[in-house]
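Trainee: no sequence on hand, only this structure:
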């Protein structure tokens, strides 16, 4: 039942983890390009050497850029801990269907979270997406902890 | 002696890693709730759409909120790299007692770090907790590097 | 061909991953000391309790400190996702030479990125280092995703 002892493509639960991990890593790193797009489009930069080449200026409080940066930091705060605890939770041998639903749910809430954040959808949409994702991470963490006792 | 080749609950060192990893992930993600508590309590938010529903205002420099956010960022800077290098260090086959003491020590310093940061305990308490934790991460990293040569 | 199923020092590709992961974790965590060096040298701190003991003052917008902090955050945004996706990509059984070149290339671009950032080397040097590193992460992520389908 220890779903992660076979770290090969022959293990369906490991392949499922690979799939959602790849989706979530891709989503996270693409946030850099969203920031760059706003910076270049509005010609506002964080460093003088960046502003120089593109006839822009240094500005650290543009609302559009800062919104993307907050969404990006929120991903670092939530997606990275999830991607660390999830394989450890899988190693405790959880029910495969339950584990798959949790991974799918987490990936969905984080994609929704970014969409809602960048498009300024009224609350509580972002709060809900955030809390469901955090709840899944906490559930996996507590289950992992309980399995070690 | 390669303590991480058996990624099952039958491997005591792996179970020890799971235990401390779960404690540290839980501690890190709960920082989001500490930030939210301050934001909702003082009705100050980072986004206009958050302020709107709760009759609050946008304010990005509140000292209480920024203190929690600095502690949270410090966790991302220190706990996440530790959780990545620690299993790799374990895979190099270190002495199990030593490895256990290092994991225990790191988890303790990071819990102390957060407590000291949020309760504004005078220095050098936070500096010491930070440096011991960083020292353990650097030690594991150097040991891993040496094992590959 | 599943290069990561043997998580021991007998697996050359796993040892290569350990080597570059250790280099990258070390580079990332040492950024904290670069920030501390500037803070202590200029006697400017983020917390009143830090300023107190060292006869300094609280200042959150010093250009030298903020430059190191931006470089550090850029590491968290790029190196941590790489260190999560890279072992998963290795588990899909890529060509060992190709995988080794990608790890070497990523480590090199991130060391160049930090050097260029902290020494204010004119653009497009930092932009290029950033984009090559991000391109490698995206390539590994897409390959991992394709391997799961």
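Mentor: Perfect, I can see it now. As the structure is a prediction and not an experimental result, all values here were calculated from the model.
Trainee: which element is the residue nearest the centre of chain A on?
Mentor: The geometric centre of chain A, computed from its C-alpha atoms, lies nearest to residue A:79 (Cα atoms, centre = their mean), at 3.4 Å. Secondary-structure element containing residue A:79, defined by DSSP states H and E: helix A:63-91.
Trainee: and for the closest residue to residue A:55 other than its chain neighbours, the neighbour number?
Mentor: Leaving aside its sequence neighbours, residue A:55 sits nearest to residue A:43 (Cβ to Cβ, 6 or more residues apart in numbering or on different chains; 6.6 Å). Quick note: C-beta positions are derived from backbone N, CA and C, even for glycine. For residue A:43, the neighbour count with other Cβ atoms under 10 Å in any protein chain shown is 13.
Trainee: now do the contacts for residue A:43.
Mentor: Residue A:43 is in contact with A:51, A:54, A:55, A:56, A:57, counting by Cβ atoms under 8 Å, 6 or more residues apart in numbering or on different chains.
Trainee: repeat for residue A:39
Mentor: Counting by Cβ under 8 Å, 6+ apart, residue A:39 touches A:45, A:46, A:50, A:56, A:65.
Trainee: which of the residues you listed lies closest to chain B?
Mentor: residue A:65 (13.3 Å; Cβ to the nearest Cβ).
Trainee: my read is that residue A:59 contacts residue A:45, right?
Mentor: Yes. Using Cβ atoms under 8 Å, residue A:59 and residue A:45 qualify as a contacting pair, with a distance of 7.5 Å.
Trainee: who's more crowded, the two?
Mentor: Remark: of residue A:59 and residue A:45, residue A:45 carries more neighbours, 23 against 14, as counted by other Cβ under 10 Å.
Trainee: partner residues bridging that one?
Mentor: Per DSSP bridges, the residues bridged to residue A:45 are residue A:58.
Trainee: check what pLDDT it gets.
Mentor: pLDDT for residue A:45: 94.
Trainee: gap between stretch A:62-73 and the chain center?
Mentor: How far stretch A:62-73 lies from its chain's middle: 15 Å, per Cα atoms, centre = their mean, to the nearest Å.
Trainee: no wait, stretch A:140-149
Mentor: Worked out by Cα atoms, centre = their mean, stretch A:140-149 lies 22 Å from the chain centre.
Trainee: and it, does that touch chain B?
Mentor: Yes. Applying Cβ under 8 Å from any Cβ of the partner chain, one finds stretch A:140-149 in contact with chain B at A:141, A:142, A:144, A:145, A:147, A:148.
Trainee: other SSEs contacting the helix or strand of chain A with the lowest mean pLDDT?
Mentor: With mean pLDDT, DSSP states H and E as the measure, the helix or strand of chain A carrying the lowest mean pLDDT is helix A:48-53 (a mean of 90). The contact analysis (3 or more Cβ pairs under 8 Å, 6 or more residues apart in numbering or on different chains; DSSP states H and E) places helix A:48-53 against strand A:57-58, helix C:125-148.
Trainee: out of the contacts of residue A:39, who's nearest residue B:91?
Mentor: Nearest to residue B:91 among the contacts of residue A:39, counting by Cβ to Cβ, is residue A:46 at 37.8 Å.
Trainee: distance of the residue sitting furthest away from the middle of chain A from residue A:44?
Mentor: Most distant residue from the mean C-alpha position of chain A: residue A:55, 33.4 Å away (Cα atoms, centre = their mean). Residue A:55 is 11 Å from residue A:44, where distance means Cβ to Cβ, to the nearest Å.
Trainee: what does residue A:76 give?
Mentor: 22 Å.
Trainee: and for residue A:64?
Mentor: 9 Å.
Trainee: of these two, who's got more company?
Mentor: Higher neighbour count among residue A:64 and residue A:44: residue A:44, with 20 against 16, using other Cβ under 10 Å.
Trainee: ok, which residues in chain A are in contact with chain C?
Mentor: A:6-9, A:14-19, A:21-23, A:25-26, A:28-29, A:31-33, A:46-50, A:52-53, A:72, A:76, A:80, A:83-84.
Trainee: which among these count as buried?
Mentor: A:7, A:9, A:14-19, A:21-23, A:25-26, A:28-29, A:31-32, A:46-47, A:49-50, A:72, A:76, A:80, A:83-84 (16 or more other Cβ atoms under 10 Å in any protein chain shown).
Trainee: ok, residue A:29 - contacts?
Mentor: C:77, C:78, C:81, C:134, C:137, C:138, C:141.
Trainee: re the thing from before, ok now the least confident helix or strand of chain A, how far from the chain's centre?
Mentor: 30 Å.
Trainee: which residues touch it?
Mentor: Taking contacts as Cβ under 8 Å, 6+ apart, the residues outside helix A:48-53 that touch it are A:39, A:43-45, A:56-58, C:120-124, C:126-127.
Trainee: okay, who's weakest in these by pLDDT?
Mentor: residue C:123 (88).
Trainee: checking that one next. Helix, strand or coil?
Mentor: coil (DSSP: H, G, I helix; E, B strand; the rest coil).
Trainee: what parts of chain A come near chain B?
Mentor: Contact residues (Cβ under 8 Å from any Cβ) of chain A with chain B: A:2, A:4-5, A:7, A:67, A:70, A:76-78, A:80-81, A:84-85, A:88, A:91-93, A:120-124, A:126-127, A:130, A:134, A:137-138, A:141-142, A:144-145, A:147-148.
Trainee: buried only: go through those residues for me.
Mentor: A:2, A:4-5, A:7, A:67, A:76-78, A:80-81, A:84-85, A:88, A:91-93, A:123, A:126, A:130, A:134, A:137-138, A:141, A:144-145, A:147-148.
Trainee: which one of the contacts of residue A:29 is nearest to residue A:100?
Mentor: Nearest member of the contacts of residue A:29 to residue A:100, counting by Cβ to Cβ, is residue C:141, at 20.2 Å.
Trainee: leaving out chain neighbours, which residue sits closest to residue A:112?
Mentor: In this structure, residue A:112 finds its nearest non-sequential neighbour in residue A:129, 4.5 Å apart by Cβ to Cβ, 6+ apart.
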